[in-house]
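Student: Sequence first, then the predicted structure:
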Amino acid sequence: MQLVSSKDIEWKRRYHAHYVRLTEIWPNAYVEHIGSTAIGGIQSKDVVDILVGVQPMDIEITSSQLINAGYMKEGARAGHIWLCWPNPESRDSVVHVVEMNGAQWQARLAFRDALRANPVLAKEYESLKIAIAQTTDDWGEYTQNKAQFVTTVLKNVTRG
């Protein structure tokens, strides 16, 4: 898996373009830039993660409307559907549709905000990601290998 040097300006532009598209498709959605590309100054996969918060009963219909607009569904679990743009082979963005203010929403924003607020922690995360990326090209394995770090950060955030 390849990580790239920070492309903060490009990633912000890419996020903004999707923000506009997403809020045109579903005007009542809350949209946030999450993941490493939202932290700033660290290496990342060149994929912008976007969080879309809607009412629980709207998760499925929102996802269907995004599919109709050209996003491709990649996976689902209870209360969380994720889609990519433009396709799984050359994705530049992943959109996570979750319950607004639900556990997924809160955890993803808390993690992003913790790393934004603590550059040392952000660099630790970057070092971990680099080490993992050198050992796998599998997205699921890459994500799983970061899970303990994310859990630890979130535990510290809730204690603080």
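Tutor: On my side now, so go ahead.
Student: hey, let's count contacts and neighbours off CA atoms from now on
Tutor: Fine.
Student: Find the residue at the geometric middle of this protein.
Tutor: The central residue of the chain, meaning the one whose C-alpha is nearest the mean C-alpha position (Cα atoms, centre = their mean), is Asp49 at 3.1 Å.
Student: what bridges to that residue?
Tutor: Taking DSSP bridges as the rule, Asp49 bridges to Ile34, Val94.
Student: these two touch, right, it and His96?
Tutor: Yes. Asp49 sits in contact with His96 when judged by Cα atoms under 8 Å, with a separation of 7.5 Å.
Student: Overlap in contacts, the two.
Tutor: Taking Cα atoms under 8 Å, 6 or more residues apart in numbering as the contact rule, Asp49 and His96 have no neighbour in common.
Student: that older thread, pLDDT score assigned to the residue nearest to the centre of the chain?
Tutor: Per-residue confidence (pLDDT) for Asp49: 97.
Student: same deal with Thr143?
Tutor: Listed pLDDT for Thr143 reads 88.
Student: and if you look at Val157?
Tutor: The predicted local confidence for Val157 is 87.
Student: Next: Arg112.
Tutor: Taken from the predicted model, the pLDDT recorded for Arg112 is 98.
Student: hang on, it packs against Ile34?
Tutor: Yes. Here Arg112 reaches Ile34: they are 6.1 Å apart, a contact under Cα under 8 Å.
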